[in-house]
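Trainee: A predicted structure for the sequence below; I have some questions about it.
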Amino acid sequence: MSWNPEVSFNDLPPLPPTGLDLEPKPVLKATVEARTALATLAQAGQLLPNPNILIHAVPLLEAQASSEIENIVTTADELFKHAESGGGDHATKEALRYRSALLVGVDSIRSRPLTATTAARICTALQGREMDVRAVPGTRIANPTTRDIVYSPPEGADLIREKLSAWERFVHAEDDSIRWCGWL
């Protein structure tokens with residue numbers, strides 16, 4: 001299959017990816033290191049007089065970092081200053097929506113598994129308006145400077161729902177040996 005960034009990529013390969021080790025040793029080793037770091041953080045959190053400070057700070061700082069990826073830049077000071085009111089300049093408000101979306105996602109997966117509906121709820125919180133699967137064709141992702149198209153996502157609500165359904169099955173599979181047995 002040949003790929004052209006200007007043509008909708010409707011031929012996404014099925015999941016799980018073939019010929020790819022989904023549990024390579026470096027990832028497994030990093031998981032052990034991450035678990036150790038989390039245990040250390042949990043222990044340090046117990047020493048704080050008010051651990052909620054840490055719990056509330058992490059999503060704000062994550063929102064700041066995520067926003068910067070999209071060239072939406074604000075400061076930690078502005079985020080903490082407007083965390084309760086939701087005010088501030090455009091970039092601060094946008095980063096606070098990222099935090100809200102993150103918290104919507106965390107809250108959602110506490111009561112149900114990760115699904116396309118969870119993703120839609122997160123996008124709704126992020127955009128500040130009701131979101132669902134994209135039905136209108138013509139979405140293109142372009143370099144903001146050159147305007148060169150770098151990717152054209154799949155088009156068609158039914159196809160996108162099918163791909164999201166495959167993603168759900170992949171995420172919730174017990175292991176990668178299922179191979180989807182013609183589900184796609």
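Mentor: That came in fine, so what should we check first? Numbers count the residues shown, from 1 in each chain.
Trainee: okay, now the domains of the chain?
Mentor: 50-132, 134-176 (automatic domain parsing).
Trainee: make JSON lines out of these and add distance to residue 27 and mean pLDDT.
Mentor: C-beta coordinates here come from the backbone N, C-alpha and C atoms, glycine included. Supplementary listing: the domains of the chain in JSON lines, determined by distance: least, Cβ to Cβ, whole Å; pLDDT from 0 to 100:
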{"stretch": "domain 50-132", "distance to residue 27": "19", "mean pLDDT": "90"}
{"stretch": "domain 134-176", "distance to residue 27": "13", "mean pLDDT": "89"}
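Trainee: give me whichever of the ones you listed is most buried.
Mentor: domain 50-132 (a mean of 15; mean count of other Cβ atoms under 10 Å).
Trainee: centre of the chain to it, how far?
Mentor: 11 Å (Cα atoms, centre = their mean, to the nearest Å).
Trainee: now for the domains of the chain, which one comes closest to residue 21?
Mentor: domain 134-176 (9.4 Å; Cβ to Cβ).
Trainee: can the domains of the chain go into CSV with extra columns for distance to residue 21?
Mentor: Output for the domains of the chain, formatted as CSV (distance: least, Cβ to Cβ, whole Å):
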stretch, distance to residue 21
domain 50-132, 23
domain 134-176, 9
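Trainee: show me where this structure has its helices.
Mentor: Secondary structure of the chain (DSSP state H): helices at 25-47, 52-69, 76-82, 90-111, 116-127, 157-172.
Trainee: which of those helices sits closest to residue 4?
Mentor: Once these are compared by Cβ to Cβ, helix 157-172 is nearest, at 17.4 Å.
Trainee: what helices or strands is the closest one leaning on?
Mentor: Contacts defined by 3 or more Cβ pairs under 8 Å, 6 or more residues apart in numbering; DSSP states H and E place helix 157-172 against helix 116-127.
Trainee: what's the helix it packs on in contact with?
Mentor: The contact list for helix 116-127 (Cβ atoms under 8 Å, 6 or more residues apart in numbering) reads 97-98, 100-105, 108-109, 112, 130-133, 161, 164-165, 167-168.
Trainee: re earlier: relative to residue 20, which of the domains of the chain is closest?
Mentor: Using Cβ to Cβ, those put domain 134-176 closest to residue 20, at 9.0 Å.
Trainee: so how far is the closest one from its chain's centroid?
Mentor: With Cα atoms, centre = their mean, you get 13 Å for domain 134-176.
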